[in-house]
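In: Here's a sequence, model it:
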Amino acid sequence: MSDQTQNAFRALADPTRRDILTMLGRQDMTIGQVSDRFDMTRAAVKKHLTVLSDGGLISVEARGRERINRLNPAGLAPVLTWLEFFDRFWDDRLSDLKTAIEKDIQ
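Out: Numbers count the residues shown, from 1 in each chain. Take a look at the predicted model:
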């Protein structure tokens, strides 16, 4: 598994970071705007945003003194690629099960 995929899974492992991703999916936000939605310090929110950025799940744009955080949907691609293996795995298993059941019925 690549470092990028590992970092994305690390970022997704925390429920607060998943909540932040959902919020950023609705609108771009500054650190202050994200902090206002949680009962934690701005520094703690900044750490969560850093992990999300390291995982490639958000991008950060400096606008003057503000840093605007936005969802980077392409950052989920390595996670989806990894999950596709299991999607195919279960499709194949269920297809084999269906075939076996149909064979027993005949």
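
In: Can you pull out the low-pLDDT segments for this structure?
Out: Along the chain, segments meeting pLDDT under 70 span 89, 96.

In: Now with 80, please.
Out: 1, 86-87, 89-100, 102, 104, 106 (pLDDT under 80).

In: what about the strands in it?
Out: 29-30, 58-63, 66-71 (DSSP state E).

In: got these as a markdown table, with mean neighbour count columns?
Out: C-betas here are computed from N, CA, C, even on glycine. Listed next are the strands of the chain as a markdown table, based on neighbours: other C-beta atoms under 10 Å:
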| stretch | mean neighbour count |
| --- | --- |
| strand 29-30 | 18 |
| strand 58-63 | 14 |
| strand 66-71 | 17 |
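
In: Redo these as JSON lines? Include distance to L12.
Out: JSON lines is the format used below for the strands of the chain (distance: least, C-beta to C-beta, whole Å):
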{"stretch": "strand 29-30", "distance to L12": "19"}
{"stretch": "strand 58-63", "distance to L12": "12"}
{"stretch": "strand 66-71", "distance to L12": "13"}
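
In: Can you show me the helices along this structure?
Out: 3-12, 15-26, 31-35, 42-54, 77-105 (DSSP state H).

In: if we can go back for a sec, out of the strands of the chain, which comes closest to T99?
Out: Evaluated over these, closeness to T99 peaks at strand 66-71, with 41.3 Å, by C-beta to C-beta.

In: partners of that closest one in the sheet?
Out: With DSSP bridges as the test, strand 66-71 is paired with strand 29-30 (antiparallel), strand 58-63 (antiparallel).

In: Identify the residues contacting the first one?
Out: Strand 29-30 is contacted by residues 23, 66-69 when judged by C-beta atoms under 8 Å, 6 or more residues apart in numbering.

In: Just the closest of those residues to L97, please.
Out: Nearest to L97 among these is M23, at 40.4 Å by C-beta to C-beta.

In: picking up where we left off before, would you mind putting the helices of the chain into CSV with mean neighbour count and distance to E61 alongside?
Out: As requested, those are exported to CSV (neighbours: other C-beta atoms under 10 Å; distance: least, C-beta to C-beta, whole Å):
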stretch, mean neighbour count, distance to E61
helix 3-12, 16, 18
helix 15-26, 15, 12
helix 31-35, 17, 12
helix 42-54, 17, 11
helix 77-105, 11, 21
